[in-house]
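Asker: give me a model of this one.
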Amino acid sequence: DITIYTYNNICRGLFEKDKPLLSFLIAVKIEKNKKKLTDEEFRFFIIPKESKSSNLPAPPWISEPKWRRILGLEYVIDKPGMFTSDNIKLGLREIMESDDPANAKLPATLGDEKVLSKFQALLLIKTLREDVLTQLCDRYVEQTIGKEFNESPSMNMKRVFEDSDHRTPITFVLSPGADPMSYIIRLAKEKSIDEEQFAYISLGQGQGSKAEALMRRAQETGGWVCLQNCHLSASWLPKLEQVLEDASRTTIHEGYRLWLTSMPTEDFPVSILQQSIKVTNEPPKGLRANMKRTFLDIEESQFEGCSKPKVFKKLLFGLAFFHAVCQERRKYGAIGWNIPYEWMNSDLEVSISQLRMHLDEQPQVPWETLQYIIGEVNYGGRITDDKDIRVASEILHIAISPEAISEGYAYSASGKYHAPTGQEKIANILQKIESLPGQDMPEVFGLHENANITYQLKESKALMDSILKMSPSAAGGSDSGEQGKATKHVLGIVKEFQQGLPQKLIHKDAHESTFEGIENGTNTLGILLSQEIVKFNSLLDIIQTSLKDLQDAIHGVQVMSSELETLFSCFIIDRVPEKWSLYPSLKPLGAWFVDLRERVRFMRRWLRHGAPMCFWISCFFFPQGFMTSLLQRYARRTKIPIDSLRFRTDALQNVNHQEVKEPPSQGAYIYGLSLQGAGWDMKKSELKESERNVLFVDMPPIWLDPVKKSEWNQSTCYECPIYKTTLRAGTLTTTGHSSNYVMSMYLNSQAKPDHWVRRGVALVCMSDT
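Answerer: You can find the predicted model right below:
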């Protein structure tokens, strides 16, 4: 079958994360050709349309945006009213609350394929539970083109060699921790290629001429050449391209083979990729595979050679566990690490050497020294975010601590990951590692079980982003009729935005108290508002001009520039244009515009009616400026130096921001924050464990109360960072913090702060939807 042959050949050059995408797109193309899937349905898959109808409010178990998308799906499949009966809504709720929604049964009346096609059923469940999108796509592939398209073919070096020839290079695309050299050397032995016929060289500075000489000699003798790490010699790659082009015009030995290895890089010539056989080589993923790889690289003499063998073996196992947790925790996105760092085996090797050295040289185990050198220097040296250093240190304390050498010590609450006895040999340790769970649960990383949903949402978003990158026109269609629909759609958005765009904020509309005292510097909040007004007005001007220019370009009044084409594409795929992104936001375009209107409305009320009782912290361009303004105001009133102040934070109990009737005696009330990674006990006003399937919790209004740093003991509180968006990562500023970071807030907790550090608990100013 040519389809499966093509799939297998393409798959060997793809990373594991991209293979399901290929399978899904093949299935979609085949189903489209069979007329079982329409362009409009696929557009809804990429960018769900929300119904504008307000006659049918959302049931209490589903959010309003999701419900509007359900009603929008009725329009797309041309079956109005299908999902609004009580029986159907009951069935949809069961799917929404299911532990396995990807395999949940549809309500009886929808289960028949004559009522809902396979793709329409996928759209319905995706709308309800987008976190299981990857499973839904896998199931759709199996139902339409067969389960063999969900099974990635294993790397077969013999097959790769058979498909190659003397003019076709074989390019290995690498990933961290992978090295295909052992496979190539083994194949060379099988093909009777001796050491004189097989030359390999690692590229780098000054190695280009040597590599070229090896290639030209092998082309004459029929030998093999392997050029390793091509990405390290980007400046020489054009020369490699020229050598291959020359070889295509000359006679070369048919036994010649060229092997290339490279990390993904934009510098790699496209022409070489096009003419070569591409193969990916990835190390096994997961905690068990990671730890196994570590102990396979350790010699028995190294394992047994410490003067304190029992302690060394226990701490070495803990160190391998720590290294694996650091690497595998990256898959959870920002709740794992703010920034996904690339720790290398060299970090672990240096740490093992230092562990052995300190144990050999000192009579007692130097715990503080080991924790500092390993956590702050070896691993922390790659970390650029101070909150991530805090996480690394707390994870290390589990693996390297006095408790870690006690009998029966467990690294996680489940007890499935526990320390060795210290009497084992390497073979016993490898057997112990093999007995570890094959699937890593969040608890081993210190995370709540909801982190799995966060991971699935991250994977779903990556899948959708990849589809849009590969086919940005998919949302708009390809033929003239579809392009006409796309243009009409964009014009509709332009008109809607023009009508809904708020008027600019005008200083002369200000209430008499709004800017009172600005001249003598006592009204710091008035100064902040004045600065925010300038920024909002600038953004409104940019939007108004962009909309007018795009409208004129569509009507042919002016040239459609590349900037306007980008704006047009953003409207099609529901993305915020870069030119409009003057403040960080991860919301899609429609939700972003609604959010912008709310921000301007808040600012206008403040301008016209004076300072509010409770401030919406999420609406500021620069929320750090608001915090500083509060401290400045207090410092000037009390004559206390501002650098000796901090905020005491106190969450109000059983009150929402609309019920706050008067401001506090000092500081301010704020609202708009959401808690990620933990729950909030409204009665006790403290952190608690997250409820199942609840990723974010809206916080009650919080009192920011300026106090002297020396007068408030917060040792029992969790220092919770506040970020502008759920991405958490940003550029490193001169303060040493991420540009996404606002401040830290101290939250009450019964559990120790290190528990919430490992949970990745943070407050965010705005959601992604």
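Asker: now for the spatially closest residue to residue 453 that is not a sequence neighbour, how many residues are close by?
Answerer: Distance criterion C-beta to C-beta, 6 or more residues apart in numbering; nearest residue to residue 453, sequence neighbours excluded, is residue 131 at 5.0 Å. (Glycine included, C-beta is placed from N, CA and C.) Residue 131: 21 surrounding residues under other C-beta atoms under 10 Å.
Asker: from what I see, residue 131 and residue 457 are in contact.
Answerer: Yes - Residue 131 lies in contact with residue 457 (C-beta atoms under 8 Å); the separation is 4.8 Å.
Asker: distance of residue 549 relative to residue 488?
Answerer: 18 Å (C-beta to C-beta, to the nearest Å).
Asker: so between those two, which is more surrounded?
Answerer: residue 549 (18 against 10).
Asker: show the pLDDT at that one.
Answerer: Per-residue confidence (pLDDT) for residue 549: 96.
Asker: again, but for residue 715
Answerer: For residue 715, pLDDT reads 78.
Asker: let's verify it: helix, strand, or coil?
Answerer: coil (DSSP: H, G, I helix; E, B strand; the rest coil).
Asker: got a list of what it touches?
Answerer: Shown in contact with residue 715 (C-beta atoms under 8 Å, 6 or more residues apart in numbering): no residues.
Asker: can you check residue 11 too?
Answerer: With C-beta under 8 Å, 6+ apart, residue 11 has these contacts: 19, 22, 152-153.
Asker: from the residues you listed, list just the buried residues.
Answerer: 19, 22, 152 (16 or more other C-beta atoms under 10 Å).
Asker: could you dump those to JSON lines with distance to residue 267 and pLDDT?
Answerer: JSON lines is the format used below for those (distance: C-beta to C-beta, whole Å; pLDDT from 0 to 100):
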{"residue": "19", "distance to residue 267": "25", "pLDDT": "92"}
{"residue": "22", "distance to residue 267": "25", "pLDDT": "93"}
{"residue": "152", "distance to residue 267": "28", "pLDDT": "80"}
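Asker: among those residues, which are in strands?
Answerer: Per DSSP state E, strands hold no members of the buried ones among the contacts of residue 11.
Asker: pull the most distant pair out of the contacts of residue 11.
Answerer: Maximum pairwise distance in the contacts of residue 11, criterion C-beta to C-beta, is 11.9 Å, between 22 and 153.
Asker: ok so, going back, distance to residue 645 for the contacts of residue 11 - can I get that in JSON lines?
Answerer: JSON lines is the format used below for those (distance: C-beta to C-beta, whole Å):
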{"residue": "19", "distance to residue 645": "55"}
{"residue": "22", "distance to residue 645": "57"}
{"residue": "152", "distance to residue 645": "57"}
{"residue": "153", "distance to residue 645": "63"}
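Asker: show the backbone phi and psi for the closest residue to residue 623 other than its chain neighbours.
Answerer: Among residues not flanking residue 623 along the chain, residue 742 sits closest, at 5.0 Å (C-beta to C-beta, 6+ apart). Here is the backbone geometry of residue 742 (degrees, to the nearest 10): phi -100, psi -60.
Asker: for residue 742, which residues are in contact?
Answerer: Counted by C-beta under 8 Å, 6+ apart, residue 742 has contacts 617, 623-624, 627, 721-724, 765.
Asker: and which of those residues is nearest residue 198?
Answerer: Checking the contacts of residue 742 one by one against residue 198 (C-beta to C-beta), the nearest turns out to be residue 723, at 52.3 Å.
Asker: was I right to think that closest one contacts residue 762?
Answerer: Yes - if you go by C-beta under 8 Å, residue 723 and residue 762 touch, sitting 5.8 Å apart.
Asker: all strands for the stretch 51-200 of the chain, in order.
Answerer: For the stretch 51-200 of the chain, the strands defined by DSSP state E, counting those that start in this stretch occupy 170-174, 198-202.
Asker: what packs against the last one?
Answerer: I take that to be strand 198-202. Strand 198-202 sits against helix 181-190, helix 208-221, strand 224-228, with contacts defined as 3 or more C-beta pairs under 8 Å, 6 or more residues apart in numbering; DSSP states H and E.
Asker: swap the cut-off to 6 Å and go again
Answerer: For strand 198-202, the packing partners by 3 or more C-beta pairs under 6 Å, 6 or more residues apart in numbering; DSSP states H and E come out as strand 224-228.
Asker: tell me the strands beside the strand it packs on, with direction?
Answerer: strand 198-202 (parallel), strand 257-262 (parallel) (DSSP bridges).
Asker: save those strands as a markdown table, and put in distance to residue 468 too.
Answerer: Below are the strands paired with strand 224-228 laid out as a markdown table (distance: least, C-beta to C-beta, whole Å):
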| stretch | distance to residue 468 |
| --- | --- |
| strand 198-202 | 37 |
| strand 257-262 | 26 |
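Asker: pick the most deeply packed of the ones you listed.
Answerer: When the strands paired with strand 224-228 are scored by mean count of other C-beta atoms under 10 Å, the highest mean neighbour count falls to strand 257-262 (a mean of 24).
Asker: quick check: buried residues in the longest helix along the chain?
Answerer: Determined from DSSP state H, the single longest helix within the chain is helix 524-554. By 16+ other C-beta under 10 Å, the buried positions in helix 524-554 come out as 524-530, 532-533, 536-537, 539-540, 543, 546-547, 549-551, 553-554.
Asker: and for the nearest residue to residue 641 once chain neighbours are set aside, the neighbour number?
Answerer: Distances taken as C-beta to C-beta, 6+ apart place residue 635 nearest to residue 641, at 6.8 Å, with adjacent residues excluded. Residues lying near residue 635 (other C-beta under 10 Å) number 17.
Asker: shouldn't residue 706 be within a helix?
Answerer: No - secondary structure assignment (three-state DSSP) places residue 706 in strand, not in a helix.
Asker: how close does it sit to residue 668?
Answerer: In terms of C-beta to C-beta, residue 706 sits 9 Å off from residue 668.
Asker: ok, the two, which is more surrounded?
Answerer: residue 668 (25 against 22).
Asker: now the helices for the stretch 501-650 of the chain?
Answerer: 524-554, 562-573, 589-609, 623-638 (DSSP state H, counting those that start in this stretch).
Asker: who are the packing partners of the third one?
Answerer: This means helix 589-609. Looks like helix 589-609 contacts no helix or strand (3+ C-beta pairs under 6 Å, 6+ apart).
Asker: how far off centre is it?
Answerer: 28 Å (C-alpha atoms, centre = their mean, to the nearest Å).
Asker: which residue, other than its chain neighbours, is closest to the residue positioned nearest the centre of the chain?
Answerer: The centre of the chain sits closest to residue 333, judged by C-alpha atoms, centre = their mean, with a distance of 4.2 Å. What sits nearest to residue 333 in space, not counting adjacent residues and going by C-beta to C-beta, 6+ apart, is residue 458, at 4.6 Å.
Asker: what's the answer for residue 653, then?
Answerer: Nearest one to residue 653, counting by C-beta to C-beta, 6+ apart, is residue 685 at 5.5 Å.
Asker: out of the contacts of residue 742, which end up buried?
Answerer: 617, 623-624, 627, 721-724, 765.
Asker: residue 676: which of the residues you listed is nearest?
Answerer: Scanning the buried ones among the contacts of residue 742 for proximity to residue 676, where the rule is C-beta to C-beta, the winner is residue 723, at 9.0 Å.
Asker: give the contact list for the closest one.
Answerer: 740, 762, 764 (C-beta atoms under 6 Å, 6 or more residues apart in numbering).
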